[in-house]
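Asks: here is a sequence with its predicted model. Questions after.
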Amino acid sequence: MEDRRVGREENVRVYVRVRPLNKNESQGFVKGTIEIDKENDSIRLNNNEYREYEKYFRFHGVFSEESSQMQVYQLVAAPIVDTVLNGFNGTILAYGQTGSGKTYTMVGDHSSEELQGIIPNSFTQIFGKISTSAAYRSFVVTVTFLEIYNEEIKDLLAPNSDKKLVIHEHKKYGSFVKDLSGFTVNSVQEMMKLFTKGNKNRTTKSNAINTRSSRSHAIFTIMVESKNRNTNETTIGKLNFVDLAGSERLSRTKATGDMLKEASHINLSLSVLGNVISTLVDEKASHVPYRNSKLTRLLQDSLGGNSKTAMIATLSIAEIDYDESYCTLRYATKVRYIKNYVSANKKEDGLIASFEKQIQELRKKIQTIDDEQKIKRQKQYDLKMKINEKKKIEDEIINTENTKQELVTKIEKLQQKIIVGGINLLDKVEEQKYLIKQSSSELQTIYEKNKNLEEVLTNKGKEKIELERIYTSFRKKMKI
Ligand SMILES: Nc1ncnc2c1ncn2[C@@H]1O[C@H](COP(=O)(O)OP(=O)(O)O)[C@@H](O)[C@H]1O
Ligand SMILES: [Mg+2]
């Protein structure tokens, strides 16, 4: 991996928050062990019975029981969230024993604006800033949510969130979780919906310290990519919110069996985190054991890398928690000395460029489809016209057929009149006419016959005269 010690040197900022006593504690007159000096951003830890063991710690800021969620947000988170939109990485970690207020600080009660924690408050800041930024800037906001439990990574936003995920290394961008589901969001509500869904998937089990103690490390990540359409410059900022598992030592949880294995794994990530922190602040040490746990692999950028990082260490005021509070404060003090190297992440081609390219390609496809549709519509129109024409012809055929039929009928009727006209259908006059016509032709025939007879008779007469002449002359000759 590239040496990422480029950019401005910046210490991890460390804050401490003390939670108020809970109902049980205040009823039992629990003695406090912590004094807060807000003016000097410091904490005095003392065991009332042995004041000589008093300890003094100084941080970038301290929050008392009365500090509001918004006060914590403004000081710890707002400056970091603000720069994420300009391409800077940011990390906010909550560290402390179970029940000390880590989840209260990071998540809070997000059904109430006043009581919501750092993560929900950041949603409003991010979208508020986007909505007031210049019109030539485009943004894509993506979220992921994972949990490290028993050194196994679980995707809190995946439908099948039991799938175990692995960490891969990217040459330029470092460690990332392969196949982790990322969702692009464009409103506070959408982001909140995913965050709530992920929280429901978190693993919680009860132990001796807290009835619902979180035994896993949860990392909620918001990536903000921004493209300046005037300069074509793209930046990408990654914001990690880390709610760590309880930092208490194993003995206090009275864990056995599976619970013991689980606790030792939680301790693995936390103890590696401790080692990483120790190495980072030790000028002589050269190798930082990031790779020894899932948590530290994923937080490599946040501690000693390119990130603006803040840690909020949460404390319980109760005397019973003195030892844990002392450990937390020592841990937090060390973290104060970690140096990060901060610079904005510039990218040649980010999500926006890729989305824009996809949009262009899809628009082209739509254009092709439109062109094809146009041709099809023309064909459809032509076919419709042809169908109309066909229908017209069909109608015409039917009409003509009807006309023909009418004619046929007419012919039949006429034929009936002419051919089928039997005698019985003729009226008397016609019969008589017919008969007369017939008898006159008979008379004609008779007449013709008579005429012939007369001719024959005449000829016979002629022959008789001739014969008489011949007889007379014969008699004359014979002198008869
Ligand atoms: N600053 C605070 N103000 C009011 N209540 C708090 C505060 N911090 C923690 N609590 C309450 O204390 C309890 C334990 O806090 P929680 O955030 O769950 O601890 P952790 O996540 O460190 O185990 C919760 O009931 C929470 O509401
Ligand atoms: Mg918690």
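Replies: Received, thanks. Numbering: from 1, shown residues only. Ligands and ions are numbered 1, 2, ... in the order given.
Asks: make it CA atoms for all contacts and neighbour counts henceforth
Replies: Noted.
Asks: my guess is Ile153 contacts Lys178, does it?
Replies: No - if you go by C-alpha atoms under 8 Å, Ile153 and Lys178 don't touch, sitting 10.3 Å apart.
Asks: more neighbours: the two, which one.
Replies: Counted by other C-alpha atoms under 10 Å, Ile153 and Lys178 do not tie: Ile153 has more neighbours, with 24 against 11.
Asks: helix/strand/coil for the more buried one?
Replies: Here Ile153 is strand, with the state taken from DSSP: H, G, I helix; E, B strand; the rest coil.
Asks: all numbers from here: first residue = 17
Replies: Shifting the count to begin at 17 puts that one at Ile169.
Asks: name the residues contacting each of Ile169 and Lys194.
Replies: Both Ile169 and Lys194 are in contact with Leu181, Val182, where contact means C-alpha atoms under 8 Å, 6 or more residues apart in numbering.
Asks: against ligand 2, how distant is the closest residue to ligand 1 within the stretch 367-496 of the chain?
Replies: Going by C-alpha to the nearest ligand atom, ligand 1 is nearest to Leu367 of the stretch 367-496 of the chain, at 34.2 Å. From Leu367 across to ligand 2, the span is 33 Å (C-alpha to the ion, to the nearest Å).
Asks: next one: Asn248
Replies: According to C-alpha to the ion, Asn248 and ligand 2 sit 42 Å apart.
Asks: residue numbers of the stretch 17-166 of the chain in contact with ligand 2?
Replies: Proximity of the stretch 17-166 of the chain to ligand 2 is confined to Thr119 under the rule C-alpha under 5 Å from the ion.
Asks: please repeat the previous calculation with a cut-off of 8 Å.
Replies: Thr114, Gly115, Gly117, Lys118, Thr119, Tyr120 (C-alpha under 8 Å from the ion).
Asks: by neighbour count, which of the residues you listed wins?
Replies: Busiest of those [other C-alpha under 10 Å] is Lys118, holding 28 neighbours.
Asks: quick check, that one in contact with Val258.
Replies: No - at 9.5 Å, Lys118 does not count as touching Val258 under the criterion of C-alpha under 8 Å.
Asks: got the contact list for whichever residue of the stretch 317-466 of the chain sits closest to ligand 1?
Replies: Checking the stretch 317-466 of the chain residue by residue against ligand 1 with C-alpha to the nearest ligand atom singles out Thr330 as nearest, at 7.0 Å. Contact analysis of Thr330 by C-alpha under 8 Å, 6+ apart lists Val32, Arg33, Val34, Arg35, Ala110, Tyr111, Gly112, Gln113, Ser116, Gly117, Lys118, Thr344.
Asks: helices or strands up against the strand or helix carrying the last one?
Replies: Read it as Thr344. Taking DSSP states H and E as the definition, one finds Thr344 inside helix 338-351. Packing partners of helix 338-351 (3 or more C-alpha pairs under 8 Å, 6 or more residues apart in numbering; DSSP states H and E): strand 29-35, strand 66-74, strand 106-112, helix 273-297, strand 324-332.
Asks: between the first one and strand 324-332, how big is the angle?
Replies: Using axes from the mean of the first three to the mean of the last three C-alpha atoms, to 10 degrees, one finds that strand 29-35 and strand 324-332 are set 20 degrees apart in direction.
Asks: any stretches of the stretch 17-166 of the chain with poor pLDDT?
Replies: Scanning the stretch 17-166 of the chain for pLDDT under 70 picks out 17-21, 43-48, 63-69.
Asks: now with 90?
Replies: Within the stretch 17-166 of the chain, the segments meeting pLDDT under 90 span 17-27, 36-55, 60-72, 114-115, 126-129, 165-166.
Asks: who are the contact partners of whichever residue of it sits closest to ligand 2?
Replies: Ligand 2 sits closest to Thr119 of the stretch 17-166 of the chain, with a gap of 4.1 Å, by C-alpha to the ion. Counting by C-alpha under 8 Å, 6+ apart, Thr119 touches Ala110, Asp259.
Asks: could you report the pLDDT at Gln220?
Replies: Careful, residue 220 is Thr and not Gln. pLDDT recorded at Thr220 is 53.
Asks: what does the pLDDT read for Gln421?
Replies: Per-residue confidence (pLDDT) for Gln421: 89.
Asks: follow-up on the earlier one: can you dump the C-alpha coordinates of the helix holding Thr344 into CSV?
Replies: Output in CSV follows, covering the C-alpha atoms of helix 338-351 (Å, rounded to 0.1, in the frame of the first residue of the first chain):
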residue,chain,number,x,y,z
TYR,A,338,-13.4,3.5,39.1
ASP,A,339,-10.9,1.0,37.7
GLU,A,340,-12.7,0.9,34.3
SER,A,341,-12.8,4.7,34.2
TYR,A,342,-9.1,4.9,35.0
CYS,A,343,-8.3,2.5,32.1
THR,A,344,-10.5,4.4,29.7
LEU,A,345,-8.9,7.7,30.6
ARG,A,346,-5.4,6.3,30.2
TYR,A,347,-6.4,4.8,26.9
ALA,A,348,-7.9,8.0,25.7
THR,A,349,-4.9,10.0,26.8
LYS,A,350,-2.7,7.8,24.5
VAL,A,351,-5.0,8.3,21.6
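Asks: in that helix, which residues are buried?
Replies: Across helix 338-351, burial judged by 16 or more other C-alpha atoms under 10 Å covers Tyr338, Glu340, Ser341, Tyr342, Cys343, Thr344, Leu345, Tyr347, Ala348, Thr349, Lys350, Val351.
Asks: quick one: strands adjacent to whichever helix or strand comes after it?
Replies: Later in the chain than helix 338-351, the nearest helix or strand by DSSP H and E is strand 355-358. Strands adjacent to strand 355-358 in the sheet, as given by DSSP bridges, are strand 24-27 (antiparallel).
Asks: the strand it pairs with: how far from the chain's middle?
Replies: Relative to the centre of its chain, strand 24-27 is centred 39 Å away, using C-alpha atoms, centre = their mean, to the nearest Å.
Asks: give me the contact list for that strand.
Replies: Residues contacting strand 24-27 (C-alpha under 8 Å, 6+ apart): Lys324, Thr325, Arg352, Tyr353, Ile354, Lys355, Asn356, Tyr357, Val358, Ser359.
Asks: thanks a lot, see you next time.
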